[in-house]
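Engineer: Pasting the sequence and the predicted coordinates here, then a few questions.
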Amino acid sequence: MILGEKIRYLRTIKGYLQDDMAHLLDISPTAYGDIERGKTNVSHSRLEQIAKTIEISLLELLSFGERIANYFSDGSHNIVNGNGNLYSDGREVVHELEKAKLENEKLRVEVRYW
């Protein structure tokens with residue numbers, strides 16, 4: 001998962017629109033959109049600002065997504081499921097796990113507002 005995708009997912013979990021993030025970061029909506037699309041190199045200080053805005057550490061922002069891959073990896077770039085079966089291309093499994101995690105978090109946020 002590229003950095004811009006991570007930021008977009010985390011922004012969505014927090015319930016922010018791109019315009020909200022742009023305002024909170026004091027940049028234009030276009031500049032913020034370019035960050036999510038990976039069209040701009042993001043400075044360390046900007047990454048810290050983004051992480052603070054979405055209330056996570058910079059380390060969590062940078063490692064978001066990789067934690068699941070590392071947890072399930074058998075050390076040979078294969079992914080192990082709960083039954084011990086190996087998937088030769090773990091990227092698809094990791095992506096599905098991330099999507100499920102994000103959907104779960106979005107539902108938790110929605111339930112909180114009901």
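Structural biologist: On my side now, so go ahead.

Engineer: in the protein, which spans are strands?
Structural biologist: With DSSP state E, the ranges of strands along the chain come out as 79-80, 86-87.

Engineer: Quick check: mean pLDDT of the last one?
Structural biologist: In this model, strand 86-87 has an average pLDDT of 46.

Engineer: And stretch 32-46, by the same measure?
Structural biologist: Mean predicted confidence for stretch 32-46 is 93.

Engineer: What residues sit buried inside it?
Structural biologist: For stretch 32-46, a neighbour-count test (16 or more other CB atoms under 10 Å) marks 32-33, 35-36 as buried. Backbone N, C-alpha and C define where each C-beta goes, glycine included.

Engineer: try stretch 99-114
Structural biologist: Using 16+ other CB under 10 Å as the burial criterion, none of the residues of stretch 99-114 qualify.

Engineer: Would you mind pulling the contact partners of it?
Structural biologist: If you take CB atoms under 8 Å, 6 or more residues apart in numbering as the criterion, stretch 99-114 is touched by 9, 12-15, 68.

Engineer: What subset of those residues is buried?
Structural biologist: 9, 12-14, 68.

Engineer: Could you export those as TSV, including pLDDT?
Structural biologist: Compiled in TSV, those are given as follows (pLDDT from 0 to 100):
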residue	pLDDT
Y9	88
T12	89
I13	86
K14	87
I68	43
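
Engineer: Among those, which one sits closest to E55?
Structural biologist: Taking CB to CB as the measure, K14 is the one of those closest to E55, at 7.3 Å.

Engineer: ok, now which ones touch the nearest residue to that closest one once chain neighbours are set aside?
Structural biologist: In space, K14 comes closest to I54 once its chain neighbours are excluded; the distance is 5.2 Å by CB to CB, 6 or more residues apart in numbering. Residues in contact with I54 (CB under 8 Å, 6+ apart) are 7, 10-11, 13-14, 16, 61.
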